[in-house]
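Enquirer: Provided below for reference: sequence and predicted model.
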There are 2 protein chains.
Amino acid sequence: VIAVLCGGVGAARFLSGLLDVVDAGDVVAIVNTGDDTELHGLSISPDLDTITYTLSGRVNPATGWGLAGDDFTTMDALDALGGATWFRLGNLDLATHLYRTGRLRAGASLSEVTADLARAFGLGLRLLPMSDDPVRTVLELASGGEVSFQDYFVRLRHSVAVKSVRFAGADAARPGPGVLEALGSASIIVIAPSNPVVSIDPILAVPGVRALLASRRRDVVGISPIVAGAALKGPADRLLAELGSEASAAAVARWLTDVCGTLVIDEADADQVAGVESAGMECVATATVMKDAETAAGLARTVLACGGTPDPDRMQAAG
Amino acid sequence: VIAVLCGGVGAARFLSGLLDVVDAGDVVAIVNTGDDTELHGLSISPDLDTITYTLSGRVNPATGWGLAGDDFTTMDALDALGGATWFRLGNLDLATHLYRTGRLRAGASLSEVTADLARAFGLGLRLLPMSDDPVRTVLELASGGEVSFQDYFVRLRHSVAVKSVRFAGADAARPGPGVLEALGSASIIVIAPSNPVVSIDPILAVPGVRALLASRRRDVVGISPIVAGAALKGPADRLLAELGSEASAAAVARWLTDVCGTLVIDEADADQVAGVESAGMECVATATVMKDAETAAGLARTVLACGGTPDPDRMQAAG
């Protein structure tokens, strides 16, 4: 089993590459639900949906989220009524949220609904929410006050400075069914190239997860979402800097070093190797910018080659 | 003020006619919410929406409910996921439910949301839910078991025999803001041609409403939804028969006699006049089948002419 800790777009692209090189039945994706939100009474799980839509080949390629070819006539009508439409829900995408919400209200767990949605979308891997209990990422703004993740990310377009991040509900959350089992039995645990602050940290905040990864640190391989000092997507670079670190692969290494033995960084970041190693991690440099399926598959192969006990020769071959 | 007790389609058509002959600012519609339901986490108020859509000129003319020109791509996508789609929510119609649900979750009352929706749809009358508290019509089936109104009406296509009807929550419900005031101050109270069993009775079940109407019985004018022994729409005829009455204008009179002094029946039901009168009501016969705007306006004029103290001369002129 290959276990992958996942946020949204970056993780979905990595999983696509991984499924090109290993059997889907061997992959367990453990997905951040700290971004989940309720809008208009609907339960929305953006990271789970982005992965489901991407792996089914139905994701909107222009955005990396939502469904290809979707319309927004419901949002337009809601806008005409004066409703909140900053979170754009496409007509087809809405069906996913109606389905999820209906099932949850009828008593199903998020894990059950997620498995059924994954099946309906034709996925072969196991897709596990990090927890069936609500955990919500909350950001304290430098200007004062707290906002939810989607308020920060979508409504405010992550254009405001953040002072601190917390994961409301995490202390009382139980890991989702199968999460600790997958992490305990996996031959390799991958930390996808997702935002360490708001995509990976919420998963680590679920009781038991951080300790388990720390105990298996040599089998944990991370992929830096920071390339040449910038996030490929989203605010990971600014968040790291705002929270007292810096936007670099070495800073990602320092952020993850307690739970992760190896960091895969981009070949453009040769100057970061020393910094990653001085954070106590093995470092492998390769092409990490998944601009096409071949690169994603190549990245997956490199990551898998890092599994288990680090081997300096293999590192050189991959680099 | 003219107060009108309303169900869905029949009431909406009557209100259309009424607004052709009086100023919208003089009309207060008090609407059944016993049909309200939650589906996929969305709060749906079918009778309020049917009235809003009809009076804004946007109702689907083929069905009498939903919005004209609406698409169902969200329902089709939900169907593909295995979700429940027996209650067909159009893409544009969904915006209304998203708006209502979002506002209710944010703490607004149903009355407030209804007023804002009515304004957004350009209505001039006052549209009042019978209560802001949940009242739910529950039908006991002859075959055993209870179902909600929408289960009965839509999912089972009202093709099952009913043994009894109750209004869950009614005892604890408070009349919506303005309801008792409108009923107390109205110069005439109209009972629209709606199903007496499942559209009017829920309104009468809200504490205070039945007693107030009974005390003003001579100012209350009902319109029979049964014409020539049959309901123009829906199961009113079968429900009356199943509950021990019969499908006739006279039976409607007996059903409503404690709260209503005059019943307007269809001109095709001349044989029902004696039955209505022996139920203790004045009886006026006119064209009640609102096949066009002229008939609806004419019916409204006849009803208004019945207001206040019954006058035998006026009855003859209307008949």
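Expert: The structure has been received and is ready for your questions. Numbering: from 1, shown residues only, chains lettered A, B, ... in the order given.

Enquirer: ok, and for stretch A:196-215, which residues are buried?
Expert: A:196-206, A:209, A:212-213 (16 or more other Cβ atoms under 10 Å in any protein chain shown). From N, CA and C alone the C-beta is placed, and that goes for glycine too.

Enquirer: and which of those is nearest to residue A:266?
Expert: Distance ranking of the buried residues of stretch A:196-215 against residue A:266, using Cβ to Cβ, places residue A:196 first at 15.3 Å.

Enquirer: now that closest one, nearest residue through space, not along the chain?
Expert: Once flanking residues are discounted, residue A:196 sits nearest to residue A:255: 4.8 Å by Cβ to Cβ, 6 or more residues apart in numbering or on different chains.

Enquirer: Repeat that for residue A:164.
Expert: The nearest residue in space to residue A:164 (Cβ to Cβ, 6+ apart) is residue A:140, at 4.4 Å.

Enquirer: Show me the beta-bridge partners of the one you found.
Expert: Applying DSSP bridges to residue A:140 gives these bridge partners: residue A:146, residue A:164.

Enquirer: Quick check: the gap between it and residue A:147.
Expert: Relative to residue A:147, residue A:140 is positioned 8 Å away (Cβ to Cβ, to the nearest Å).

Enquirer: Of those two, which one has the most company?
Expert: Per other Cβ atoms under 10 Å in any protein chain shown, whichever of residue A:140 and residue A:147 has more neighbours is residue A:147, with 17 against 14.

Enquirer: Let me see the contact set for the closest residue to the more buried one other than its chain neighbours.
Expert: Of all residues not flanking residue A:147 in the chain, residue A:139 sits nearest, at 5.6 Å (Cβ to Cβ, 6+ apart). By Cβ atoms under 8 Å, 6 or more residues apart in numbering or on different chains, the contact set of residue A:139 is A:146-149, A:152, A:162, A:164-165, A:198.

Enquirer: mind checking how far residue A:139 is from residue A:201?
Expert: For residue A:139, the distance to residue A:201 - Cβ to Cβ - is 12 Å.

Enquirer: what do the two both touch?
Expert: Taking Cβ under 8 Å, 6+ apart as the criterion, residue A:139 and residue A:201 both touch residue A:165.

Enquirer: Tell me which stretches of the stretch 1-150 of chain A form helices.
Expert: A:9-21, A:46-55, A:73-81, A:91-105, A:110-120, A:149-150 (DSSP state H, counting those that start in this stretch).

Enquirer: Pretty sure residue A:211 is one of the things residue A:258 touches, is it not?
Expert: No. Using Cβ atoms under 8 Å, residue A:258 is not in contact with residue A:211, being 9.8 Å away.

Enquirer: Might you calculate how far stretch A:237-257 sits from the centre of the chain?
Expert: Put simply, stretch A:237-257 sits 16 Å off its chain's centre (Cα atoms, centre = their mean, to the nearest Å).

Enquirer: Looking at the stretch 101-250 of chain A, which residue is nearest chain B?
Expert: residue A:101 (3.6 Å; Cβ to the nearest Cβ).

Enquirer: Centre of the chain to stretch A:85-100, how far?
Expert: 20 Å.

Enquirer: what residue ranges in the stretch 201-319 of chain A score low on pLDDT?
Expert: A:308-319 (pLDDT under 70).

Enquirer: how about the helices in it?
Expert: With DSSP H, counting those that start in this stretch as the criterion, the stretch 201-319 of chain A has helices at A:201-204, A:209-215, A:236-242, A:249-256, A:273-278, A:293-305, A:312-318.

Enquirer: Next, format those helices as TSV and append distance to residue A:7.
Expert: Below are the helices of the stretch 201-319 of chain A laid out as TSV (distance: least, Cβ to Cβ, whole Å):
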stretch	distance to residue A:7
helix A:201-204	9
helix A:209-215	14
helix A:236-242	9
helix A:249-256	13
helix A:273-278	20
helix A:293-305	16
helix A:312-318	23
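
Enquirer: With respect to residue A:19, which of those helices lies nearest?
Expert: helix A:293-305 (8.3 Å).

Enquirer: Quick one: residues in contact with the closest one.
Expert: Residues contacting helix A:293-305 (Cβ under 8 Å, 6+ apart): A:2, A:13-14, A:16-18, A:20-22, A:188, A:190, A:221, A:223, A:264, A:284, A:286-290, A:314, A:317-318.

Enquirer: Ok, which of the helices of the stretch 201-319 of chain A comes nearest residue A:67?
Expert: For residue A:67, the closest of those is helix A:293-305, at 19.6 Å, according to Cβ to Cβ.

Enquirer: In that closest one, which of the residues would be classed as buried?
Expert: A:295-305.

Enquirer: just stretch A:35-42 next, same as before
Expert: Neighbour-count burial for stretch A:35-42 [16+ other Cβ under 10 Å]: A:35-42.

Enquirer: which ones are touching the residue lying closest to residue A:273 once chain neighbours are set aside?
Expert: Once flanking residues are discounted, residue A:273 sits nearest to residue A:283: 4.8 Å by Cβ to Cβ, 6+ apart. Applying Cβ under 8 Å, 6+ apart, we find residue A:283 in contact with A:253, A:262-263, A:265, A:272-273, A:276-277, A:315.

Enquirer: Roughly how far does residue A:283 sit from residue A:263?
Expert: The gap separating residue A:283 from residue A:263 is 6 Å, by Cβ to Cβ.

Enquirer: Right, I'll leave it there.
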